[in-house]
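[1] okay, here's the prediction I keep looking at, along with the sequence it came from:
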Amino acid sequence: MMGEMNMALNGMEIYKMLPKKNCKECGFPTCLAFAMKLAQGGTQAEKCPYMSDEAKGKLAEATAPPMRTVTFGAGERTYSLGGETVLFRHEKTFVNRPRFAVMFDDAENADEVAKKINHINSVNYTRISEEMYVEIAAFRCSSQDKQKFISLIKKVTSECKKVVPMIISEDPDIASAAAEEFAALGPIIYGANEQNCEAMVGIAKKHNLLLGVKAENQAKLYDTVQKIQNMGYKELLLDAGGRSLKNAFDDAVNIRRTALLSKDRTFGYPTVTFVCDMAQDKMMEVAMATLFVEKYASIIVLSDMDYSMALPLFALRQNIYTDPQRPMRIEQGIYKIGQADESSPLLVTVDFALTYFIVSGEVERSKVPSWILIPDAGGYSVLTAWASGKLNAKSIAKAIKDFEVEGKLKTRELIIPGKVAVLKSDIEDELPGWKVIVGTREAASLPAFLKDYRQKSAS
Amino acid sequence: MAYKKPSQKFSGKIREVTVGSGLKLGGESVLPFYKFDGDTGAKPAVGMEIWDVFPESWPQSLKDIFGPYADDPVKWAKFCVEKYNPDFICIKFEGANPEGDDRSPEDCARIAERLAGEVPVPLVIAGCDSDEKNAKVFTKVAEALPDKNYVFLSAIEANYKEIGAACGMAYGNIVSAESSVDLNLAKQLNILITQLGVKPEKMVMNPGCAAVGYGFEYVVTTMDRIKLAALDQNDSTLQMPIISPVSFETWKAKEAIATEEDMPEWGGQEERGIAMEVSTAAGVLAAGSNAVILRHPKSVEVIRKFIDELL
Ligand code: B12
Ligand code: SF4
């Protein structure tokens, strides 16, 4: 019976619970129509004024999203995990990006710990208006020495101000002491298992913490989660124990599919994957973490995070978690970078946010104060916009006029992206008195190009 | 209630295509690496990229590795095969670019012939930036190497007729159909090429590629949708194996090309390049790529192991 409670109800099952008055007060022509919509999550149970409280309670439970959204952390470092509704981003969108953790072990030597702290503190940068940094430090208690464990957590959390700790211990005594000590940071407590779950749930409940549940395999995890749910705790993070890439992938995919395809909420929680235990090689960790960003881990624990790992992984995560229905677009206009004046260089790019932020970042890096003109390019990258006819001499000339560039600036030279060098003469035809300069193909070479350009203009 | 492991069984299957004399691509009837659901088909193949000209524009770390061999494509290919054991070699005729060395199609064909004679793994023939020139180069190369089952990368909307007729039909090789990150475009081009008379088992496709961070979500989503259409809806026009030229994209990205001098806080350039290549390759494989083209030997080693551990 308990299991069934956890399953989402279908339209017919909901219909059986309705008053069947067909009074239309819910805004639907019949109770059945209302039931069908409710089953898809398209309306709320409260819309029917005639439903019994018992039915309402049952329905609220049954129509809740298939995968729970849980949180960890505290204050401005509070993060949501889970809450996904689709297996593929094109079906709607993925919502809560996975978070990266770096593993510390209290048996590790001090140099190793110092190196990781250093990496965590240096990997902190902005990419397309998102701040990138390691969100979690995971701590494994190998020593079984409470004091040693706590002092490691203390050291790392005081030196890395941004991390939320994940306390890993299957010993409730140790877990409880650490939870007590760091409760204010909203830590994750990882280590509930078949045997200790009562005590671990107690600790999590006391401080209202996200609880990591671990088992040997999916079937055993399923049983343990049911046990924990029966204790009334639902702030869970799952680990079905796979420590080979193959098994861990099987776990990640099948836990997610159980929630979203089988609509079984026993597995309607986010998962954690320990890439640090599956690979000895940094590049292999990058490959594995890539797989799990796409499918379907919510916390990915790595053994370290230096720039070589961070650059691809954070960029990938940012891409995959972009809402396909809301492409990132920049408002058209003329943008000032640095203390640009009326004689500073003028560049044109497109209104695709990714492109704009890459280009403006490189212009800033060049330290050459400049202007960037953004025409209507359909929100596309340079070549996409060009190939679809959105970026052309006309749209660029229109932007020059619309944003009154001739009145604002003295310069009559326009730097265009190297990839659309073919536009040069067309633009010059559209804009009498202007000279078009073909820029570099990649923005990375813009700083050198701009410095050179400024020097030439000066002489 | 006890746990019931879910599974997704599909009626469709990716076509198995044989490259060279024995390298199989595709054949799976499940989503990428979903071994727990059924038959994952042939192991995804890992190939290495070489050029017909010295790769002046490549980062120094790559030139350090290949430089001593890169004055001659045959020497270069043999070095890769002997040392790193790739499943195939991708020879990119960068030197054919009319705006560069403008190597003649006949010269390209001679190089390809020498490679075919001396390199024990199958070849993937890639072109330069000019679609027009590629059609000419591919025609000559295919003519010189008939019925080899080599892959020609790629036929696009503008030149598929010539390439399809020569490579796919007259000279019995494999045509790769390249489209720009859009399921409908991929489908349309596959249909056009098969309507020419190229047999589907003589085709693979490249539905677009990008480096992680550079519009990569469109690549993943396009591939997800292609694989679902091929498997779930049994759409035979999308059941061609996918080949992804990962290295063509990743070694242009700033993360891979910025020197340490340029970005001191980013650390060693070589590792950044490898990491971008490895992540992009793992990312397209997870989305359904059946073959990836790579540059760095370390990427080849890691991606090979990654595939082996998953299957
Ligand atoms: C993602 C993508 C899409 C997405 C669009 C996402 C978006 N918002 O732009 C979608 C799927 C919608 C798409 C559609 C199309 N696409 Co498209 N797409 C891509 C893809 C994979 C990545 C583009 C990307 O995001 N690049 C990253 C950004 C940052 O690059 P960028 O804008 O060029 O900026 C760089 C430089 O140009 C430079 N830069 C930028 N501005 C400036 C300014 C100055 C002054 C300077 C100096 C430098 C500079 O800095 C940046 C970093 O170096 C590329 C292939 C690839 N790997 O590049 C194809 C690609 C661009 N697409 C292409 C095509 C043909 C199309 C379509 C026309 C296909 C079609 N027939 O329908 C459509 C057009 C849309 C439509 N239907 O109207 C072709 C273009 C071919 C060509 N050479 O002209 C490409 C190259 C694919 C290919 N190989 O065929 N596409
Ligand atoms: S308000 Fe309630 S009783 Fe009336 S039609 Fe809607 S579901 Fe039926």
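    Noted; the coordinates are in hand. Ligands and ions are numbered 1, 2, ... in the order given.
[2] flag every residue of chain B that's near ligand 1.
    With Cβ under 6 Å from any ligand atom as the criterion, chain B meets ligand 1 at residues B:S180, B:V181, B:D182, B:L185, B:G208, B:C209, B:A210, B:Y214, B:G215, B:Y218, B:V219, B:E249. Every C-beta, even on glycine, is put in place using the N, C-alpha and C of the backbone.
[3] can I assume the fifth one is in contact with B:V220?
    What that stands for is B:G208. No: counting by Cβ atoms under 8 Å, B:G208 sits too far from B:V220 to count as a contact (10.6 Å).
[4] in terms of neighbours, single out the busier of these two.
    Neighbour count, other Cβ atoms under 10 Å in any protein chain shown: between B:G208 and B:V220, B:V220 has more, with 24 against 19.
[5] per-residue pLDDT of the residue nearest to the more buried one when sequence neighbours are not counted, please?
    Nearest residue to B:V220, sequence neighbours excluded (Cβ to Cβ, 6 or more residues apart in numbering or on different chains): B:A287, at 4.5 Å. With respect to pLDDT, B:A287 scores 98.
[6] any idea how many residues pack against B:A287?
    Applying other Cβ under 10 Å, we find 24 residues neighbouring B:A287.
[7] now it, what are its backbone angles?
    For B:A287, the backbone dihedrals (degrees, to the nearest 10) come out as phi -100, psi 0.
[8] could you do the one 5 residues further on as well?
    Note on B:V292: backbone dihedrals following degrees, to the nearest 10 are phi -120, psi 150.
[9] show me what it is bridged to.
    With DSSP bridges as the criterion, the beta-bridge partners of B:V292 are B:V46, B:S244.
[10] go on, B:I174?
    On the basis of DSSP bridges, B:I174 is bridged to B:V151.
[11] who's in contact with it?
    B:V17, B:V19, B:N149, B:Y150, B:V151, B:F152, B:C167, B:G168, B:K202, B:M203, B:V204 (Cβ atoms under 8 Å, 6 or more residues apart in numbering or on different chains).
[12] what do you get for A:A353?
    By Cβ under 8 Å, 6+ apart, the neighbours of A:A353 are A:I128, A:S129, A:P327, A:M328, A:R329, A:I330.
[13] for PyMOL, what selects the buried ones among the residues you listed?
    The command below creates a PyMOL selection of those among these that count as buried (16 or more other Cβ atoms under 10 Å in any protein chain shown):
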select buried, chain A and resi 128+327+328+329+330
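[14] out of the residues of chain B next to ligand 1, which two sit at the greatest distance?
    B:L185 and B:Y214 (19.2 Å; Cβ to Cβ).
[15] highest neighbour count among the contacts of B:I174?
    B:V151 (31 neighbours).
[16] that one touches B:I243, doesn't it?
    Yes: B:V151 is within contact range of B:I243, at 6.8 Å (criterion: Cβ under 8 Å).
[17] intersection of neighbour lists for the two?
    In contact with both B:V151 and B:I243: B:V124, B:S176, B:V204, using Cβ under 8 Å, 6+ apart.
[18] in strands, which of these appear?
    Residues of those located in strands (DSSP state E): B:V124, B:S176, B:V204.
[19] of those, closest to ligand 1?
    Nearest to ligand 1 among these is B:S176, at 12.6 Å by Cβ to the nearest ligand atom.
[20] so which of the contacts of A:A353 also contact ligand 1?
    With Cβ under 6 Å from any ligand atom as the criterion, these include A:P327 near ligand 1.
[21] mind putting the contacts of A:A353 into TSV with pLDDT, distance to B:D37 and secondary structure?
    Listed next are those as TSV, based on pLDDT from 0 to 100; distance: Cβ to Cβ, whole Å; DSSP: H, G, I helix; E, B strand; the rest coil:
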residue	pLDDT	distance to B:D37	secondary structure
A:I128	89	35	coil
A:S129	86	39	coil
A:P327	74	33	coil
A:M328	83	34	coil
A:R329	90	38	strand
A:I330	92	42	coil
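[22] widest-spaced pair of the contacts of A:A353?
    It's A:S129 and A:P327 that sit farthest apart of the contacts of A:A353, by Cβ to Cβ, at 14.4 Å.
[23] circling back to that earlier point, what's the closest of the residues of chain B next to ligand 1 to ligand 1?
    B:G215 (2.5 Å).
[24] my read: the closest one touches A:N319, true?
    Yes: counting by Cβ under 8 Å, B:G215 touches A:N319, with 7.4 Å between them.
[25] who has more neighbours, those two?
    Taking neighbours as other Cβ under 10 Å, B:G215 and A:N319 compare with A:N319 leading, 25 against 21.
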